[in-house]
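>>> sequence unknown, structure follows:
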């Protein structure tokens, strides 16, 4: 049988009697030497090109006693070239593809999104906001002048984007510098080295300057930016698109105290230089911040899981009726999860019964709970409508 490619060659030298039909047996004619060499060179070229049935790449150890083999499938439907990343990844990372053959290192799928409520599911405070302050959970509606309304919206069935059923809409009728949205990532230590990728889905209309500013920086105990490894722009259209930004966050390391008083600050806003008053609209969902230099598919979490994460920063309490019996009533309040820090009671909605003004309050407040304390002069029911707003936001 003629040996027409490298994979036809015998591992035993005496078994190789021809090269592509040219005899190389003992006593071969001298005129066949050049022909055999040229034939073998063509086989080597085939091997280098991965053609004519070369479907296995064998990487042998030093003494060729064992090898690691990479093998193509038995039937290949299209040519594919894989481009390896430059260098090793971090411990625990996995290799992923961008869908076009470029491989990179990234955190394993599952629990990789550092953004809480990136799918805009949780709205404990309500679904429409006009004042500067927190709106949908973890998202701050920032107004520096201007008139704007932020709402939680629902996709029509079948038109969901990236599998998200909700999105945030910020409709600004009169803008001013820095109108936009802000998100703060508490766990700085999780992204203080290497590369990270920020991605989101958005559509809408643009501020007077023609684009939004997308900025990520680090803040430590206050509002001073230490650095801004991402400071870019985005121009929206009337169709949903995914925007992806990869940046180097190595400079976050060593920049002062790294604890839950420092954080990474993310903003999508009207540029500071754009004080135009033209109306614009930002629609946003599927927001993700992850380690690595490739954007992976948006990580979906259940509503219950997302709510529990949000309640680390903000929680509304329950309603109940108690009878003080002519003295003190103490109602223990247990937060559903330990909060980021000792929260602040921003409102108490409490109401009926024979309770004198000023004879109610909170004691023993910490990150796990508190006591609601009431003093009554008569035996009567006292209805606690709701302990409204415990907040330990960044």
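Okay, I see it. Predicted, not measured: the structure shown is a model, and the values here were computed from it.
>>> just for the stretch 201-350 of the chain, where's the confidence low?
Screening the stretch 201-350 of the chain residue by residue with the criterion pLDDT under 70, one finds the ranges 219-227, 250-262, 275, 277, 318-329, 346-350.
>>> which residues are in contact with the longest helix along the chain?
With residue count as the measure and DSSP state H as the assignment, the chain has helix 31-49 as its longest helix. With contact meaning C-beta atoms under 8 Å, 6 or more residues apart in numbering, helix 31-49 is reached by 4-6, 18-24, 28, 52, 54. Placement of C-beta: from N, CA and C, glycine included.
>>> show me where the stretch 1-150 of the chain has strands.
Using DSSP state E, counting those that start in this stretch, the strands found in the stretch 1-150 of the chain span residues 18-19, 22-23, 56-60, 67-71, 94-97, 103-106, 128-129, 133-134, 140-142, 147-154.
>>> which one of the ones you listed has the lowest average pLDDT?
Between the strands of the stretch 1-150 of the chain, the lowest average pLDDT goes to strand 56-60, which shows a mean of 71.
>>> just the angle between it and strand 67-71, please?
With axes from the mean of the first three to the mean of the last three C-alpha atoms, to 10 degrees as the criterion, the two stretches strand 56-60 and strand 67-71 enclose an angle of 160 degrees.
>>> follow-up on the earlier one: list the buried residues of the longest helix of the chain.
Residues of helix 31-49 classed as buried: 32, 35, 36, 39, 40, 43, 46 (neighbour count, 16 or more other C-beta atoms under 10 Å).
>>> Quick check: chain neighbours aside, which residue is closest to the fourth one?
If I follow you right, that is residue 39. Of all residues not flanking residue 39 in the chain, residue 20 sits nearest, at 3.7 Å (C-beta to C-beta, 6 or more residues apart in numbering).
>>> mind checking how far that neighbour is from residue 35?
Look at residue 20 and residue 35: by C-beta to C-beta, to the nearest Å, they are 8 Å apart.
>>> quick one: stretch 83-99 to chain centroid distance?
On the basis of C-alpha atoms, centre = their mean, to the nearest Å, stretch 83-99 sits 17 Å off its chain's mean C-alpha point.
>>> Need the residues that contact that stretch.
Residues outside stretch 83-99 that contact it (C-beta under 8 Å, 6+ apart): 82, 101-109, 194, 291-294, 296.
>>> Mind checking which of these are buried?
Neighbour counting by 16+ other C-beta under 10 Å classes 104, 105, 106, 107, 194, 291, 292, 293, 294, 296 among the contacts of stretch 83-99 as buried.
>>> wait, what's in contact with the second one?
It refers to residue 105. 85, 88, 89, 90, 93, 94, 95, 96, 292, 293.
>>> Just the pLDDT for the closest residue to it other than its chain neighbours.
In space, not counting the residues next to it along the chain, residue 105 is nearest to residue 89; the distance is 2.8 Å by C-beta to C-beta, 6+ apart. You'll see residue 89 listed with a pLDDT of 82.
>>> Quick check on residue 89: phi, psi?
Per-residue torsions, residue 89: phi -90, psi -180 (degrees, to the nearest 10).
>>> so how far is residue 288 from it?
When C-beta to C-beta is the yardstick, residue 89 and residue 288 sit 19 Å from each other.
>>> In contact with residue 309, which residues are there?
116, 117, 301.
>>> my guess is it is in a helix, correct?
Yes. Membership of residue 309 in a helix is supported by DSSP: H, G, I helix; E, B strand; the rest coil.
>>> residue ranges for the helices of the stretch 201-350 of the chain, please.
Using DSSP state H, counting those that start in this stretch, the helices assigned to the stretch 201-350 of the chain run over residues 303-310.
>>> And the strands in it?
212-220, 230-234, 241-248, 262-269, 280-291, 314-315, 320-322, 328-334, 344-345.
>>> Can you tell me which of those is nearest to residue 124?
Put simply, out of the strands of the stretch 201-350 of the chain the one that sits nearest residue 124 is strand 314-315, at 6.1 Å, with distance taken as C-beta to C-beta.
>>> which residues touch the closest one?
Applying C-beta under 8 Å, 6+ apart, the set of residues contacting strand 314-315 is 124-125, 134, 137, 335-337, 339, 343, 389-393.
>>> Now neighbour count and distance to residue 209 too, for the residues you listed, in JSON lines please.
What follows is those, written out as JSON lines (neighbours: other C-beta atoms under 10 Å; distance: C-beta to C-beta, whole Å):
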{"residue": "124", "neighbour count": "15", "distance to residue 209": "34"}
{"residue": "125", "neighbour count": "17", "distance to residue 209": "30"}
{"residue": "134", "neighbour count": "19", "distance to residue 209": "26"}
{"residue": "137", "neighbour count": "23", "distance to residue 209": "30"}
{"residue": "335", "neighbour count": "18", "distance to residue 209": "43"}
{"residue": "336", "neighbour count": "12", "distance to residue 209": "43"}
{"residue": "337", "neighbour count": "15", "distance to residue 209": "41"}
{"residue": "339", "neighbour count": "21", "distance to residue 209": "39"}
{"residue": "343", "neighbour count": "21", "distance to residue 209": "38"}
{"residue": "389", "neighbour count": "19", "distance to residue 209": "36"}
{"residue": "390", "neighbour count": "25", "distance to residue 209": "39"}
{"residue": "391", "neighbour count": "19", "distance to residue 209": "34"}
{"residue": "392", "neighbour count": "18", "distance to residue 209": "36"}
{"residue": "393", "neighbour count": "18", "distance to residue 209": "30"}
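>>> which among these gets closest to residue 144?
Relative to residue 144, the closest of the contacts of strand 314-315 is residue 134; by C-beta to C-beta it sits at 16.0 Å.
>>> Okay then, goodbye and thanks.
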